[in-house]
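# below: sequence and its predicted model.
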There are 2 protein chains.
Amino acid sequence: MKIDPTKPADLSAQIAAAIRDAIVSGALIVDERLPSEAELADQFNVSRPTVREALKRLAAQSLIRTQRGATGGAFVRRLSYEDAYSQQITTSTLLLSMNAVSFDTACEARYALERACAPLSAQRRSADHLATMRAEIFRQGQPGLTDEAFCASDVAFHRALVDGAGNPVLSYQLAGAVEAMQPLMNMITFSARSRTEIVALHDRIAGAIEARDATGAEAALRDLEVYTQELARDVMAERAARHG
Amino acid sequence: MKIDPTKPADLSAQIAAAIRDAIVSGALIVDERLPSEAELADQFNVSRPTVREALKRLAAQSLIRTQRGATGGAFVRRLSYEDAYSQQITTSTLLLSMNAVSFDTACEARYALERACAPLSAQRRSADHLATMRAEIFRQGQPGLTDEAFCASDVAFHRALVDGAGNPVLSYQLAGAVEAMQPLMNMITFSARSRTEIVALHDRIAGAIEARDATGAEAALRDLEVYTQELARDVMAERAARHG
DNA sequence: TGCCTTTCAAATGTCAGACCTTTTAATGTC
DNA sequence: GACATTAAAAGGTCTGACATTTGAAAGGCA
């Protein structure tokens, strides 16, 4: 692992990249301890603060964890599904909010992905997943629920749907897409009537999943997508009218 | 934005979280300049190195960029699709390599996602996407291609397929799934016969996409998934036999 | 006046050294 | 042998300094 002190890039960035490469390539394995900060500073011929900045970069990506004390140090960290989830949600949320992604585009992507795991979910869902879906449907029917709480329950419902597929990689991929949609969904004010409609569609989905009916689940998801797009269009139109 | 100096978490982590929240919530907008390191150190009542560690964490997530000089400083960065791509690929690759994800699970997730955008791609693909797919198919048929080059071409082919859907959010989501599979795919040694088979399936996919045949594309993708799983099983079996 | 050069100041990048806190392990005492 | 003490190692933080980069203001010259 070597760095070039004359290159324009920051030394800490170069050091971080060198260590990251070592981890990704497998030269450093999980739970292996890196040299101490002082030793790294010596190896790379830089000062300790510079090494620390590099390590913080890696920590921000959940690539290492640090531990104080006599046997402490920086250790290669096993990237857990939870870490990957939260990173993906942050990235997806920012991507959507910073790049003027249209509601239609995001919605289309989300439901396309969700339909992809509907057949698997219909095939493998446990009673537990089904119970979660039913419980969220019930909650969504309660009067007095705020729009935010309704959206949160919506996310939980769809989360149970994708988890039902029993494929953690799929769940990880979908988590970002579904959760990142939430801020966009929160723009919509759900009338009592639209809530009834959505709950009915959720019920259709849950019913199809319970009956192991992949085709029915996909069709219901498609109807839900269409209805969601309609709601969004109404909100946009009303907003435009109010400002025009 | 406040931090608690008595909490167990690192000060730099707390500061990074506070700034990150401000960005995600929209309190800091794109291209806005953060206070200088000295000012931040003053605000948070910490030293400049601590502030710098926090900023490096944010830089590692592409949330800010820094610029030297008189009008320099840290600026909120617009997260581009390219940045999001590469972050997702890194995360997905590590997730797969560090968590003993089975080939079957990863493969199933990948093809489920890819089938999700097949109908959209069949509907919207441009002549350009089609040409790219054909070109990669041709390359895959060339003799003397290394396994790595074959896999890279495979990735390019599938990339053109998902890009054909014309939905950048979908492309972003799939980039991680497909690229992260590559190291796993590289375990497979492709015989001349299996390459012929794969090229034929690719040809079926391209033909269906060209003919706007969504159902045919999905069916071909499913066959490709089954065949890929078969190849992987053979490799595993042979490897097990050799070591047994 | 207008353009060019010089200078300066602000901000990040880097360094050196010190001290604090945490944690473990070795040491020593009862 | 069990417990308390101590020492050492490592990360966490601070202070102060210097280097480098870069834009803008100041000043000089035609």
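Structure received.

# and the strands in chain A?
A:64-67, A:73-76 (DSSP state E).

# quick one: contacts of the last one?
Under the contact criterion C-beta atoms under 8 Å, 6 or more residues apart in numbering or on different chains, strand A:73-76 has outside partners A:23, A:28-37, A:55, A:58, A:63-67. (C-beta placed from N, C-alpha, C; glycine too.)

# pLDDT below threshold where in chain A?
Within chain A, the ranges that satisfy pLDDT under 70 run A:1, A:5-6, A:244.

# for the most centrally placed residue in chain A, give its distance to DNA strand C.
In chain A, the C-alpha closest to the average C-alpha coordinate belongs to A:Gly176, at a distance of 2.4 Å (C-alpha atoms, centre = their mean). Taken as C-beta to the nearest atom of the strand, to the nearest Å, the spacing of A:Gly176 relative to DNA strand C amounts to 29 Å.

# and for A:Ala18?
A:Ala18 sits 13 Å away from DNA strand C when distances are taken as C-beta to the nearest atom of the strand.

# with A:Ala214 instead?
The gap separating A:Ala214 from DNA strand C is 50 Å, by C-beta to the nearest atom of the strand.

# now that residue: closest residue in space that isn't a chain neighbour?
Spatially, and ignoring its direct neighbours in sequence, A:Ala214 is nearest to A:Pro119 (3.8 Å; C-beta to C-beta, 6 or more residues apart in numbering or on different chains).

# burial measure for the closest residue to DNA strand C within chain A, as a count.
Evaluated by C-beta to the nearest atom of the strand, chain A has A:Gly69 as its residue closest to DNA strand C, separated by 2.3 Å. A:Gly69 has 6 neighbouring residues, counting by other C-beta atoms under 10 Å in any protein chain shown.

# how far does the biggest helix by length in chain A sit from its chain's centre?
Determined from DSSP state H, the single longest helix within chain A is helix A:214-243. Distance, stretch centre to chain centre, for helix A:214-243: 22 Å (C-alpha atoms, centre = their mean, to the nearest Å).

# helices or strands up against it?
Helix A:214-243 makes packing contacts with helix A:103-124, helix A:192-210 when contacts are defined by 3 or more C-beta pairs under 8 Å, 6 or more residues apart in numbering or on different chains; DSSP states H and E.

# how about the residues of chain A near DNA strand C?
Counting by C-beta under 7 Å from any atom of the strand, the residues of chain A lying close to DNA strand C are A:5, A:10-12, A:45-50, A:53, A:67-72.

# so among these, which ones count as buried?
Among the residues of chain A next to DNA strand C, the ones that count as buried by 16 or more other C-beta atoms under 10 Å in any protein chain shown are A:Asp10, A:Leu11, A:Ser12, A:Val46, A:Thr50, A:Glu53.

# tell me how far the fifth one lies from DNA strand D.
In other words, A:Thr50. From A:Thr50 over to DNA strand D the distance is 11 Å, taken as C-beta to the nearest atom of the strand.

# C-alpha coordinates for stretch A:112-123, PDB please?
Coordinates of the C-alpha atoms in stretch A:112-123 are reproduced here as PDB (Å, rounded to 0.1, in the frame of the first residue of the first chain):
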ATOM      1  CA  ALA A 112     -41.600  -2.200 -10.900                       C
ATOM      2  CA  LEU A 113     -39.200  -3.400  -8.300                       C
ATOM      3  CA  GLU A 114     -42.000  -4.400  -5.900                       C
ATOM      4  CA  ARG A 115     -43.800  -6.400  -8.600                       C
ATOM      5  CA  ALA A 116     -40.500  -8.200  -9.100                       C
ATOM      6  CA  CYS A 117     -40.700  -9.800  -5.700                       C
ATOM      7  CA  ALA A 118     -44.400 -10.300  -5.600                       C
ATOM      8  CA  PRO A 119     -44.200 -13.800  -7.100                       C
ATOM      9  CA  LEU A 120     -41.500 -14.900  -4.700                       C
ATOM     10  CA  SER A 121     -43.500 -13.400  -1.800                       C
ATOM     11  CA  ALA A 122     -46.600 -15.200  -2.900                       C
ATOM     12  CA  GLN A 123     -44.600 -18.400  -2.900                       C
END
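
# give the buried residues for that stretch.
Neighbour-count burial for stretch A:112-123 flags A:Ala112, A:Leu113, A:Glu114, A:Arg115, A:Ala116, A:Cys117, A:Ala118, A:Pro119, A:Leu120, A:Ser121, A:Ala122 (criterion: 16+ other C-beta under 10 Å).

# surely the third one meets A:Val162?
It refers to A:Glu114. Yes. Contact between A:Glu114 and A:Val162 holds when scored by C-beta atoms under 8 Å: they sit 6.6 Å apart.

# if we can go back for a sec, quick one: the buried residues of stretch A:112-123 as CSV, columns for distance to B:Met185 too.
Converted to CSV, the buried residues of stretch A:112-123 look like this (distance: C-beta to C-beta, whole Å):
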residue, distance to B:Met185
A:Ala112, 24
A:Leu113, 22
A:Glu114, 26
A:Arg115, 25
A:Ala116, 20
A:Cys117, 22
A:Ala118, 26
A:Pro119, 24
A:Leu120, 21
A:Ser121, 26
A:Ala122, 28
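
# of all those, which comes closest to chain B?
When the buried residues of stretch A:112-123 are compared for distance to chain B (C-beta to the nearest C-beta), A:Ala116 comes out closest, at 3.5 Å.

# from what I can see the closest one touches B:Pro119, true?
No. Using C-beta under 8 Å, A:Ala116 is not in contact with B:Pro119; the gap is 10.7 Å.

# contact residues of chain A facing DNA strand D?
Residues of chain A found near DNA strand D, taking C-beta under 7 Å from any atom of the strand as the criterion, are A:34, A:36-38, A:48-49, A:52, A:55, A:66-74.
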